[in-house]
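Enquirer: Sequence isn't available, so here's the structure alone:
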């Protein structure tokens, strides 16, 4: 099977991976950390600012696929501190409309480049 890959100028890769890959009618979005696409560095600020930047990066890739947030069916959120759940969730709630995508939130020991949050998504075409 060949992979159809997507990339976006508004998202930064810190390794050898595609921003998103299409397989049949699903598009898998690589996890995005709160990197500023201009500076390549983590945005400054708390978990709300970092969560907003993750979605800015993800939605830049989503736009490159020609889809919208309404096409998202699953989201995985990784937090280095589950004490940040409430603040992350407040930002998250503004990104989608009901019915919301399925979601898993996982506490992790660490994330690349010292990020406090990383978010990945799966979208369905059509």
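Expert: Perfect, thanks for sending it. Quick caveat, the model's predicted, so the values are computed rather than measured.
Enquirer: which helices and strands does the helix or strand harbouring residue 5 pack with?
Expert: Per DSSP states H and E, residue 5 falls inside strand 4-6. With contacts defined as 3 or more CB pairs under 8 Å, 6 or more residues apart in numbering; DSSP states H and E, strand 4-6 has these neighbours: strand 20-23, helix 47-65. C-beta coordinates here come from the backbone N, C-alpha and C atoms, glycine included.
Enquirer: what do you get if the cut-off is 10 Å, keeping everything else the same?
Expert: With contacts defined as 3 or more CB pairs under 10 Å, 6 or more residues apart in numbering; DSSP states H and E, strand 4-6 has these neighbours: strand 20-23, strand 26-32, helix 47-65.
Enquirer: for the ones you listed, which one sits closest to residue 109?
Expert: Proximity to residue 109 (CB to CB) singles out strand 26-32 among these, at 15.3 Å.
Enquirer: where in the chain is pLDDT low?
Expert: Low-confidence segments of the chain (pLDDT under 70): 1-2, 10-12, 14.
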